[in-house]
Structure formats: C-alpha cells, structure tokens
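Trainee: can't give you the sequence, but here's the structure:
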C-alpha cells in the first residue's frame with residue numbers, strides 16, 4: 001500500500017523514566033516550524049488530565065488514541081511520548097501503527113537502571129519521588145517488537161537523539177531511503193546517529 005505523501009508522520013518515543021523522551025520530544029517540536037508538530041505526553045494525559053492510575057480499564061488509552069487521530073487528521077506530525085510499558089500498551093500501539101494514515105517512526109530509548117537513577121537524581125521531582133519508586137517502575141529493554149522499531153542506546157546524548165529523529169523525519173519528506181523506506185522486521189539498535197549503514 002502506498003502512503004500519501006501529504007499524510008503526516010506518527011512518531012512514538014518510549015523509554016523508562018528519565019530516559020530523555022520528553023525533552024527530546026519538545027526539542028524536536030521546537031526545531032521545526034511552529035504549528036507543525038503536536039506532542040502528546042502520557043504523563044500529562046494520565047496524571048493531569050485524567051488523574052488516573054496506570055492500571056485497570058482506565059480512560060487513558062482511549063483518550064490518547066483519540067488525540068493522536070485528531071492531530072494526524074489535521075495534518076500535524078504527531079509525537080507520542082511516554083513510558084508506555086509494552087505489556088499494557090502493546091495492543092494500543094498495534095492499532096495506532098496499523099491505522100496511521102502516513103509513515104511511522106518508533107523509538108525506544110534504552111537506558112540502564114543505574115543511569116536512570118543518576119539522571120533522576122538531577123531532576124526537580126527527585127525530592128518528591130524516591131529512587132526506590134523509580135526503580136520499581138523500571139523495565140529492562142522493554143521494546144514493543146514492532147516492525148521498524150529503533151532502539152537508541154544510552155551512549156547517545158540528547159543532541160544526538162534529537163538529530164536522529166529530525167534526520168529520520170527529513171528522510172521521510174525527501175522520499176524512501178534506508179531510514180524512510182520499508183519497515184525493518186526487528187528492533188535496530190543505534191549507539192551513534194551515524195552508525196547505521
């Protein structure tokens with residue numbers, strides 16, 4: 001099936017707490033023209049809009065899917081970011097990636113537990129959220145395993161991750177190629193934005 005070139009990309013950024021996904025998402029948004037990128041954050045929707053636990057038959061999944069459909073429908077590159085544990089959210093992503101009207105990019109920011117705790121210690125919420133609580137949320141290498149998923153290793157700094165996403169978006173605009181072409185069959189890991197063949 002050929003994707004209409006006018007259909008905007010759907011971008012997924014997943015990873016454990018403190019992996020950098022929210023910061024990368026906002027930097028990608030601000031690197032492109034104002035009004036071109038919509039960023040939807042799991043924490044904002046679940047904790048602030050709905051004030052809901054991440055369990056049971058809550059409303060977060062339905063609202064996220066509606067927001068993504070709406071933003072894609074009005075022509076915005078739509079970037080969905082969050083922890084999104086694979087066990088709970090795999091079905092949601094299977095539907096969203098299947099139904100996306102345009103190309104998709106899926107990233108998993110793979111950060112070890114020691115590095116996660118080190119980064120958490122430098123965040124403003126460190127005084128309110130204990131390291132033990134952060135460790136309890138941690139899921140090692142929690143990839144979705146969907147076609148085309150890219151695993152970004154912790155060796156990448158924030159600038160390199162932003163560069164990677166922007167380069168992939170640019171490749172989608174200029175036509176199919178190694179990064180914007182057919183989906184891969186298994187997660188591909190990158191330790192440098194220039195390490196891919």
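Mentor: Thanks, I have it. None of the values given here were measured: they were computed from a predicted structure. Residues are numbered from 1 along each chain as shown.
Trainee: now the strands for the chain?
Mentor: The residue ranges that make up the strands of the chain, judged by DSSP state E, are 10-15, 37-41, 77-82, 104-110, 150-153, 188-190.
Trainee: what packs against the third one?
Mentor: It stands for strand 77-82. Contacts of strand 77-82 with other secondary structure elements, assessed using 3 or more C-beta pairs under 8 Å, 6 or more residues apart in numbering; DSSP states H and E, are made with strand 10-15, helix 21-31, strand 37-41, helix 42-43, helix 60-73. C-beta coordinates here come from the backbone N, C-alpha and C atoms, glycine included.
Trainee: where does the chain have low pLDDT?
Mentor: 1-5, 56, 175-197 (pLDDT under 70).
Trainee: if we go to 80?
Mentor: Judged by pLDDT under 80, the chain has its weakly predicted residues at 1-6, 47, 54-57, 173-197.
Trainee: so the lengthiest helix in it versus strand 37-41, what angle?
Mentor: Once the chain is assigned using DSSP state H, the helix that runs over the most residues is helix 158-174. Here helix 158-174 runs at 130 degrees with respect to strand 37-41, directions being taken by axes from the mean of the first three to the mean of the last three C-alpha atoms, to 10 degrees.
Trainee: list the buried ones in helix 158-174?
Mentor: Using 16 or more other C-beta atoms under 10 Å as the burial criterion, the residues of helix 158-174 that qualify are 160, 161, 162, 163, 164, 165, 168, 169, 171, 172.
Trainee: quick one on the thing from earlier: quick check: which of the helices and strands packed on strand 77-82 is buried the most?
Mentor: Per residue and on average, the most neighbours among the helices and strands packed on strand 77-82 fall to strand 10-15, with a mean of 25 (mean count of other C-beta atoms under 10 Å).
Trainee: same for that one, what does it pack against?
Mentor: The criterion is 3+ C-beta pairs under 8 Å, 6+ apart, and the helices and strands that strand 10-15 contacts are helix 21-31, strand 77-82, helix 86-99, strand 104-110, helix 158-174.
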